[in-house]
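J.: please find the sequence and the predicted model below.
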Amino acid sequence: MTPTVHHPGYHPLTVGFDLDMTLVDSRPGIAAAFRVLSAETGAPIDVDLVVSRLGPPLETELAHWFPAEDVPSVATRYREIYPDHAIAPSTALAGARDAVAAVRALGGRAIVVTAKYAGHAELHLAHLGIEPDAVIGWLWAEAKGEALREHGAQVYVGDHTGDVRGARVAGALSVGVTTGPCDAAELRAAGADVVLEDLTGLPAWLTAFEADRAA
């Protein structure tokens, strides 16, 4: 077999993934955790509304339901509640495991860059049998670009316009999936280079992308 010869500027494939509503349908778990939080604090929280707009940091959502001065302590309590209530109900989205495996099959690295606390992200991934090479948490929108650039990611896959912005900061190609709160039109308007219905289409796209890159 003739070995593949890469051009001098070639860098090994690294693909970044968002977590919530990209790899993991965390809506059932987050809803469960917010119900417990609501019961403990007495705050009337519309959990259906909460899970309809996942993406931004937890504190952004809590600010809709609690006075600003209470948000830090409530966020701490939510993160204490989270492991016992949010991990088991959450599921892998269609194609999630195969998408990460496809990166590995191409000799690449798969990383997760998320606004979620990294420890909780790792619990979700371990529970679902998804094993990325690195998990970086507590980063949202443009701040995700810093981690993506540090890890040399050429592609970032996410469901939110904030993920598109993060990819742009990193100089990475933005792949949007319509499994979260943003539809195809919103993702394209934000600058997504590619929009897929879900992750089931990613392995074929990655194979073509990597073939073009290696040529």
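T.: Happy to help now that I have it. On a predicted model such as this, the values are computed, not experimentally measured, just so you know. Residues are numbered from 1 along each chain as shown.
J.: now Leu62, nearest residue through space, not along the chain?
T.: Val71 (4.9 Å; Cβ to Cβ, 6 or more residues apart in numbering). C-beta coordinates here come from the backbone N, C-alpha and C atoms, glycine included.
J.: if you could redo that for Arg53, that was the one I meant.
T.: Pro181 (5.3 Å).
J.: that neighbour and Val194, how far apart?
T.: 19 Å (Cβ to Cβ, to the nearest Å).
J.: do Ala172 as well
T.: Taking Cβ to Cβ, one finds Ala172 at 12 Å from Val194.
J.: neighbour count winner among these two?
T.: Set Ala172 next to Val194 and count neighbours by other Cβ atoms under 10 Å: Ala172 wins out with 24 against 17.
J.: contacts only, for that one.
T.: With contact set as Cβ atoms under 8 Å, 6 or more residues apart in numbering, Ala172 has these partners: 16, 145, 148-149, 153-156.
J.: can you give me the strands in the chain?
T.: Applying DSSP state E to the chain gives strands spanning 14-17, 24-25, 91-92, 109-113, 134-136, 155-158, 173-177, 194-196.
J.: what about the fourth one, distance to the chain center?
T.: The one in question is strand 109-113. 9 Å (Cα atoms, centre = their mean, to the nearest Å).
J.: name every strand pairing with that strand and say which way it goes.
T.: strand 14-17 (parallel), strand 134-136 (parallel) (DSSP bridges).
J.: can you point out the buried residues in the shortest one?
T.: Neighbour counts over strand 134-136 (16 or more other Cβ atoms under 10 Å) mark 135-136 as buried.
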